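Q: missing the sequence, but the structure's below:
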């Protein structure tokens with residue numbers, strides 16, 4: 001009996017590049033429709049995205065019967081890249097040019113794309129690392145052969161590569177806050193490279209019951225400065241999304257705002273069930289930014305909600321002046337109006353965020369299989385939804 005040929009695969013990075021350049025490719029996601037709610041392949045025009053469960057797809061005898069364009073290549077997507085291989089073979093037998101997404105959505109959710117962005121004078125290089133499946137962003141700051149990593153995820157190989165490719169020495173890792181939607185890689189990197197882990201002390205507790213965490217941190221507070229080569233990164237305490245949320249300001253030219261300030265919104269103050277306490281803190285941070293941030297300060301957040309927040313180079317960032325004009329938070333006249341806006345925008349959040357917070361303060365072990373399930377899906381950290 002002849003052996004069934006293996007279906008060709010497309011690596012997640014190659015698929016991301018094809019989609020970002022608007023290459024003519026169609027997606028066939030063979031998962032159950034409810035699985036798409038948490039996360040799906042983006043960006044892709046709706047006319048080229050097909051959700052056809054495997055049990056239905058296998059019954060088709062013509063590509064056209066499945067609504068597929070025979071002239072376009074196909075990427076077949078499942079959870080882990082197993083079912084998609086068999087279904088890609090089926091489509092190829094029908095005359096298609098189908099490839100299975102290697103590793104499936106699990107691999108897509110881990111994909112991180114480095115994007116160099118304009119570096120302020122004291123940095124030789126500033127790299128925005130884009131975790132496209134989650135809409136999460138981290139940063140590598142490089143100056144005079146030294147590197148600082150900000151907001152890295154647990155799967156941090158892309159961050160290691162950026163440092164290694166520049167021939168730099170990692171001298172520290174930092175979080176803008178303790179994350180709720182993904183497990184931080186900062187503590188593990190700090191142990192691996194024997195460098196400090198920088199975090200505001202207010203975020204070293206579990207916010208749901210104030211239990212002290214088990215973290216080995218180098219605490220930093222408002223006004224502190226982190227040295228990276230010739231660069232001095234200024235710490236600005238901007239609480240509200242968390243009590244220890246900070247913004248890292250570089251040369252008064254770039255601000256790494258974490259989950260305090262996004263392009264279109266601000267970070268939710270309701271994720272720990274302490275909306276009444278944290279909303280006034282968040283408003284105070286908004287007022288401080290309005291009063292202190294220069295108009296041409298480049299805002300580089302830790303998350304984005306959609307491709308609408310990208311610039312032409314695919315990076316995420318805007319001058320602060322544009323946020324003053326366009327971001328809904330800055331349209332509130334006073335704290336009372338802001339609180340009403342928060343109440344309208346806030347909603348439920350994934351129960352997994354409680355466990356992720358526990359992992360990130362060292363109170364819950366980070367089992368890899370559990371982490372994959374906990375992190376799956378787009379972030380829900382901004383007021384107003386994803």
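A: Everything's here; your move. Bear in mind that the values here come from a model prediction, so they are computed numbers and not experimental data.

Q: can you tell me which residues contact the most centrally placed residue in the chain?
A: For the chain, the residue sitting closest to the mean C-alpha position, by C-alpha atoms, centre = their mean, is residue 136 at 0.8 Å. Residues near residue 136 by C-beta atoms under 8 Å, 6 or more residues apart in numbering: 130, 151, 153, 181-182, 302-303, 379. No exception for glycine: its C-beta is placed from N, CA and C like everyone else's.

Q: With distance to residue 279, pLDDT and secondary structure added, can I get those residues in a markdown table?
A: Output for the contacts of residue 136, formatted as a markdown table (distance: C-beta to C-beta, whole Å; pLDDT from 0 to 100; DSSP: H, G, I helix; E, B strand; the rest coil):
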| residue | distance to residue 279 | pLDDT | secondary structure |
| --- | --- | --- | --- |
| 130 | 30 | 98 | strand |
| 151 | 23 | 98 | coil |
| 153 | 28 | 98 | strand |
| 181 | 20 | 95 | coil |
| 182 | 24 | 96 | coil |
| 302 | 20 | 98 | coil |
| 303 | 19 | 97 | strand |
| 379 | 20 | 91 | coil |
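
Q: I would like the residues contacting the strand or helix carrying residue 282, please.
A: Using DSSP states H and E, residue 282 sits within helix 275-292. For helix 275-292, contacts defined as C-beta under 8 Å, 6+ apart pick out 236, 238-243, 245, 260-261, 266-267, 269-270, 272, 320, 324, 329-330, 332, 335, 338-339, 342, 346.

Q: Buried subset of those residues as a ChimeraX selection?
A: Only the buried entries of the contacts of helix 275-292 go into this ChimeraX selection, using 16 or more other C-beta atoms under 10 Å:
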select :236,238,239,240,241,242,243,245,260,261,266,267,269,270,272,320,329,330,332,338,339,342,346
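
Q: so how far is residue 87 from residue 55?
A: Distance of residue 55 to residue 87, computed by C-beta to C-beta, to the nearest Å: 10 Å.

Q: Actually, residue 97.
A: 14 Å.

Q: and if you look at residue 177?
A: From residue 177 to residue 87 the distance is 41 Å (C-beta to C-beta).

Q: Please identify which of these two sits among more neighbours.
A: residue 177 (27 against 24; other C-beta atoms under 10 Å).

Q: The spatially closest residue to residue 119 that is not a sequence neighbour: what secondary structure?
A: The shortest distance from residue 119 to any residue other than its chain neighbours is 4.1 Å, reached at residue 126 (C-beta to C-beta, 6 or more residues apart in numbering). With DSSP: H, G, I helix; E, B strand; the rest coil as the basis, the three-state label of residue 126 is strand.

Q: show me what contacts residue 126?
A: Applying C-beta under 8 Å, 6+ apart to residue 126 gives the contacts 116-120, 139-142, 250, 254.

Q: Could you rerun that using 10 Å?
A: Neighbour list for residue 126: 115-120, 139-143, 231, 250, 253-254, 256, 298, 300 [criterion: C-beta atoms under 10 Å, 6 or more residues apart in numbering].

Q: Residue 238 contacts residue 222, correct?
A: Yes. Residue 238 is in contact with residue 222 according to C-beta atoms under 10 Å; the separation is 9.0 Å.

Q: Pull up the overlap in contacts between the two.
A: In contact with both residue 238 and residue 222: 200, 246-247, using C-beta under 10 Å, 6+ apart.

Q: wait, isn't residue 40 in contact with residue 28?
A: No. Contact between residue 40 and residue 28 fails when scored by C-beta under 10 Å: they sit 11.7 Å apart.

Q: Neighbour count: these two, which is higher?
A: Relative neighbour count places residue 28 above the other of residue 40 and residue 28, with 27 against 19, counting by other C-beta under 10 Å.

Q: can you tell me how far the more buried one sits from residue 296?
A: Taken as C-beta to C-beta, the span from residue 28 to residue 296 is 45 Å.

Q: ok, now residue 205?
A: From residue 205 to residue 296 the distance is 36 Å (C-beta to C-beta).

Q: neighbour count winner among these two?
A: residue 205 (18 against 10).

Q: Quick check: phi and psi at the more buried one.
A: Main-chain torsions, residue 205, degrees, to the nearest 10: phi -120, psi 160.

Q: Look up which residues are beta-bridged to it.
A: Beta-bridge pairing of residue 205 under DSSP bridges involves residue 212.
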